[in-house]
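In: Need the 3D shape of this:
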Amino acid sequence: MTHLDIELQRLKAETIKMWTLVNLQLNKGKISLLKLDKDLAREVILSERRVNAFELKLDRDCENIFALFNPVAVDLRFVLAVLKINNNLERTGDIVEGIAKFVLNVDHTFDKQVLELTRAVEMYLAANNMMETVLEAFDKEDTSLARTVFQQDELVDEINVNANKIVAEYIRSHPDNVEEALYLLSIIRKLERVGDQAKNMAEEIIFYIEAKVLKHRSKVEKSK
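Out: Numbers count the residues shown, from 1 in each chain. Got it, this is the predicted structure:
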């Protein structure tokens, strides 16, 4: 095994550590939302500093590999993919931090009716699953698994598209819960962005393994 191979293995291991932390953050955000656990929400906000520290470290590691080893072919694609995945993970951490801040601003648990009508919990579970799936695909270098994320995202998009009308109708019949409903709509928007980050990472996995660029292609093309 060459020195470059060792460094690439280390880079992959560190990326998986960061990914695992972000996925844990996402799950904690869901629990804090459903149980209105403000202590857990504060924990999510504080842990975002660790995500930011990981991002800086991975950036430096990638820069060092470029400078010292001048990687080519699949090794080059791998480091380029990690750079972009690193950015996607940091953005996901920011999104979850935003959800936690909404939880801190809410005075009582979300109305079960609006949660059911908007399918917010179902959406959160789908976003969680997408992030877990792309992590597994990255670890196993499985592009078939990565492609399933594009199909999973259809549910997230569907819930997001329908949210405006559902929340508007809820507000008309529950004028005392306007603020709560708007917070939930904002959370739904953030979960849609989590889905986008997961899709971006799936594209990067396929890029480095198959040397295929999927950006700006349709979902049907990406799934092939």
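
In: Ignoring the adjacent residues along the chain, who's closest to the residue sitting nearest the centre point of the chain?
Out: The chain has V194 as the residue nearest its centroid, 4.0 Å off, counting by CA atoms, centre = their mean. Nearest residue to V194, sequence neighbours excluded (CB to CB, 6 or more residues apart in numbering): A127, at 4.4 Å. (C-beta placed from N, C-alpha, C; glycine too.)

In: Tell me, how many residues neighbour A127?
Out: A127: 30 surrounding residues under other CB atoms under 10 Å.

In: Next SSE downstream of the helix or strand harbouring it?
Out: Using DSSP states H and E, A127 falls within helix 120-140. Later in the chain than helix 120-140, the nearest helix or strand by DSSP H and E is helix 143-173.

In: How far off centre is that following helix?
Out: With CA atoms, centre = their mean, to the nearest Å as the basis, helix 143-173 stands 15 Å off its chain's centre.

In: Begin at 141, not 1, for the rest of this chat.
Out: Okay, residue one is now 141; in that scheme the one you just asked about reads as helix 283-313.

In: Mind giving me the packing neighbours of the helix or strand that it is followed by?
Out: Per DSSP H and E, the first helix or strand lying C-terminal to helix 283-313 is helix 318-350. Where contact means 3 or more CB pairs under 8 Å, 6 or more residues apart in numbering; DSSP states H and E, helix 318-350 is packed against helix 213-245, helix 252-258, helix 260-280, helix 283-313.

In: buried set for the longest one?
Out: For helix 213-245, the buried set under the neighbour-count rule, 16 or more other CB atoms under 10 Å, comprises 215, 217-223, 225-233, 235-240, 242-243.

In: Point out where the chain drops to low pLDDT.
Out: When residues are selected by pLDDT under 70, those of the chain lie in 356-364.

In: try it again with 80
Out: Applying pLDDT under 80 to the chain flags residues 354-364.

In: residues near the nearest residue in space to D282 that is not next to it in sequence, how many?
Out: Spatial nearest neighbour of D282, chain neighbours left out: E276 (7.2 Å); criterion: CB to CB, 6+ apart. By other CB under 10 Å, 13 other residues sit near E276.

In: do you know how far E276 is from L257?
Out: As judged by CB to CB, to the nearest Å, E276 and L257 stand 32 Å apart.

In: Check I205 too.
Out: In this view, I205 and L257 are 49 Å apart by CB to CB.

In: need the contact list for L295.
Out: 262-263, 266 (CB atoms under 8 Å, 6 or more residues apart in numbering).

In: ditto for E195
Out: Contacts of E195 by CB under 8 Å, 6+ apart are 158, 226-227, 229-230.

In: Make CSV from these and add distance to D316 to it.
Out: Below are the contacts of E195 laid out as CSV (distance: CB to CB, whole Å):
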residue, distance to D316
M158, 42
N226, 44
N227, 41
L229, 39
E230, 38
